[in-house]
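Novice: no FASTA, just this:
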């Protein structure tokens, strides 16, 4: 599946760069670099952290939640994600209409069980043609057929898929009907709409089989959450967070109410409650947040920040931190608020109280670090990658 979308992304980038150029041509590379730079500039401009307003309100810790389109590589805000995906898939119809229609079917129909049933039914239609190419009846699909209506016609993208793989819409007479209605002003024969396979496709049955396999093996096109990696200078404000509404699975009114209730959390924790009451409240709390903003403070005071799904495992944070290190092999531990070690990689952030935001501390393996420092004439100023330190920011 990943390879399929990687190929699509490569096609979309290179085939839309212009005709008459080879992939190795400098002009094409320059064109793609210019497009990427333009895209990046736009996204960075959108992602500027909100400044404090005139009333003295604190600046947001992050301007919103952003996603990376798997087709174009563009970074788009959460509320523009689906629109961008639609536009990207629509653009891909001019390159590969079969792949584009398959993406449309799997991505924009939210009921995955209906998609599974519909896709399997389409596959049976194509199998019948491939197994019995001489049978004309298998090359026609009546659009008013009950099974077709209930399983296929209701799915977005299926009409374009049939067109892309070689079917055309035709109005054909229904055998044995029409003669009973001579007294009524109707056509001499009753007609119905059909999908009919084009004659030339009978010589391309292997292509039909490939289209069927592609349809069956594909899945929804998912935009990747942009971590919005930031590095901050040491600051006493590291534990202070101001989050935008994107982080909450709540209405604006519910968010305001939640902020009021937070002031009562200490009193509530001291109340005598049953285990069932506590578990029920914890489950309700976990569902309030879709995302979490996490900061990791290094021993030298520098702070690494990233955005995560609230239900992602702790292992995602370890990978994120490791990817920012100059020496990614160095062993370390992450300590949550209160000094609790995060040792269970499979535990979700919302299961260990790290939502909707948290400040964690990184701790090195003392013995390993002593060996490393002893082996170097001059230790680096920071364990973070130099390119990250070049864009270090200040927490306001």
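Specialist: Ah, there it is. Remember, it's a predicted structure, so these values are computed and weren't measured experimentally.
Novice: so after the helix-or-strand element of the chain with minimal mean pLDDT, what's the next helix or strand?
Specialist: When the helices and strands of the chain are scored by mean pLDDT, DSSP states H and E, helix 26-46 comes last with a mean of 43. Using DSSP states H and E, the helix or strand that follows helix 26-46 in sequence is strand 66-68.
Novice: same question for that next one, mean pLDDT?
Specialist: Strand 66-68 shows a mean pLDDT of 97 in the predicted model.
Novice: just the residues contacting it, thanks.
Specialist: The contact list for strand 66-68 (Cβ atoms under 8 Å, 6 or more residues apart in numbering) reads 43, 47, 74-78, 81, 223-226, 228, 307. C-beta here means a position set from N, CA and C on the backbone, and glycine is covered the same way.
Novice: quick check: phi and psi at the residue nearest in space to the middle of the chain.
Specialist: By Cα atoms, centre = their mean, the chain has its centre lying nearest to residue 223, at 2.3 Å. Phi and psi for residue 223, reported as degrees, to the nearest 10, are phi -70, psi 140.
Novice: still on that earlier bit, now flag whichever of the contacts of strand 66-68 is closest to residue 340.
Specialist: residue 307 (21.9 Å; Cβ to Cβ).
Novice: parallel or antiparallel, list what pairs with the helix or strand hosting that closest one.
Specialist: Assigned by DSSP H and E, residue 307 belongs to strand 303-309. Sheet pairing of strand 303-309 (DSSP bridges) gives strand 230-232 (antiparallel), strand 291-297 (antiparallel).
Novice: give me the mean pLDDT for the helix or strand harbouring residue 161.
Specialist: Residue 161 belongs to helix 158-164 when assigned by DSSP H and E. The average pLDDT within helix 158-164 is 97.
Novice: remind me what that helix packs against, helices and strands.
Specialist: On a contact count with 3 or more Cβ pairs under 8 Å, 6 or more residues apart in numbering; DSSP states H and E, helix 158-164 meets helix 97-108, helix 112-131.
Novice: redo that, cut-off 7 Å
Specialist: Here helix 158-164 touches helix 97-108, going by 3 or more Cβ pairs under 7 Å, 6 or more residues apart in numbering; DSSP states H and E.
Novice: name the helices or strands packed onto the helix it packs on?
Specialist: Checking 3+ Cβ pairs under 7 Å, 6+ apart, helix 97-108 ends up next to helix 81-92, helix 112-131, helix 158-164, helix 205-217.
Novice: now with 10 Å, please.
Specialist: If contacts are counted by 3 or more Cβ pairs under 10 Å, 6 or more residues apart in numbering; DSSP states H and E, helix 97-108 sits against helix 2-15, helix 81-92, helix 112-131, helix 158-164, helix 205-217.
Novice: okay, now the unreliable bits of the stretch 1-150 of the chain?
Specialist: 1-58 (pLDDT under 70).
Novice: wait, the stretch 201-350 of the chain
Specialist: 250-287.
Novice: what about the helices in it?
Specialist: 205-217, 252-262, 265-269, 275-286, 314-323 (DSSP state H, counting those that start in this stretch).
Novice: distance of the closest residue to residue 392 other than its chain neighbours relative to residue 381?
Specialist: The shortest distance from residue 392 to any non-neighbouring residue, by Cβ to Cβ, 6 or more residues apart in numbering, is to residue 231 (4.9 Å). The gap separating residue 231 from residue 381 is 13 Å, by Cβ to Cβ, to the nearest Å.
Novice: mind checking which of the two has more residues around it?
Specialist: For the pair residue 231 and residue 381, the greater number of neighbours falls to residue 231 (20 against 10), based on other Cβ atoms under 10 Å.
Novice: show me what counts as buried in stretch 77-97.
Specialist: Judged by neighbour count (16 or more other Cβ atoms under 10 Å), stretch 77-97 contains these buried residues: 77-78, 81, 84-85, 88-89, 92-93, 96.
Novice: between the two ends of it, how far is it?
Specialist: End-to-end span of stretch 77-97 (Cα to Cα, to the nearest Å): 27 Å.
Novice: distance between it and the chain's centre?
Specialist: How far stretch 77-97 lies from its chain's middle: 13 Å, per Cα atoms, centre = their mean, to the nearest Å.
Novice: want to try CSV for the strands paired with strand 303-309, with distance to residue 144 as columns?
Specialist: Shown next, in CSV, are the strands paired with strand 303-309 (distance: least, Cβ to Cβ, whole Å):
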stretch, distance to residue 144
strand 230-232, 57
strand 291-297, 45
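Novice: highest mean neighbour count out of the ones you listed?
Specialist: strand 291-297 (a mean of 23; mean count of other Cβ atoms under 10 Å).
Novice: tell me what angle that one forms with helix 314-323.
Specialist: 50 degrees (axes from the mean of the first three to the mean of the last three Cα atoms, to 10 degrees).
Novice: if we can go back for a sec, can you list residues touching both of residue 231 and residue 381?
Specialist: 302, 389 (Cβ atoms under 10 Å, 6 or more residues apart in numbering).
Novice: buried residues in the helix or strand in which residue 367 is found?
Specialist: Residue 367 belongs to helix 366-375 when elements are defined using DSSP H and E. Using 16+ other Cβ under 10 Å as the test for burial, helix 366-375 gives residue 369.
Novice: go on, stretch 346-353?
Specialist: Applying 16+ other Cβ under 10 Å to stretch 346-353 flags 348-351 as buried.
Novice: and what of stretch 234-249?
Specialist: Result for stretch 234-249 [16+ other Cβ under 10 Å]: buried residues 235, 238, 241-244, 246-248.
Novice: next, the distance between the ends of that stretch.
Specialist: End-to-end for stretch 234-249, by Cα to Cα: 31 Å.
Novice: cool, stretch 359-376 as well?
Specialist: 31 Å.
Novice: need the contact partners of that stretch.
Specialist: Outside stretch 359-376, the residues touching it (Cβ under 10 Å, 6+ apart) are 238-241, 293-300, 302-305, 314, 317, 321, 325, 327, 329-337, 339-342, 354, 379, 383.
Novice: hang on, the earlier thing: can you tell me the closest non-neighbouring residue to the residue nearest to the centre of the chain?
Specialist: residue 67 (3.8 Å).
Novice: burial measure for residue 170, as a count.
Specialist: 12.
Novice: if anything else comes up later, I'll come back, but that's it for now.
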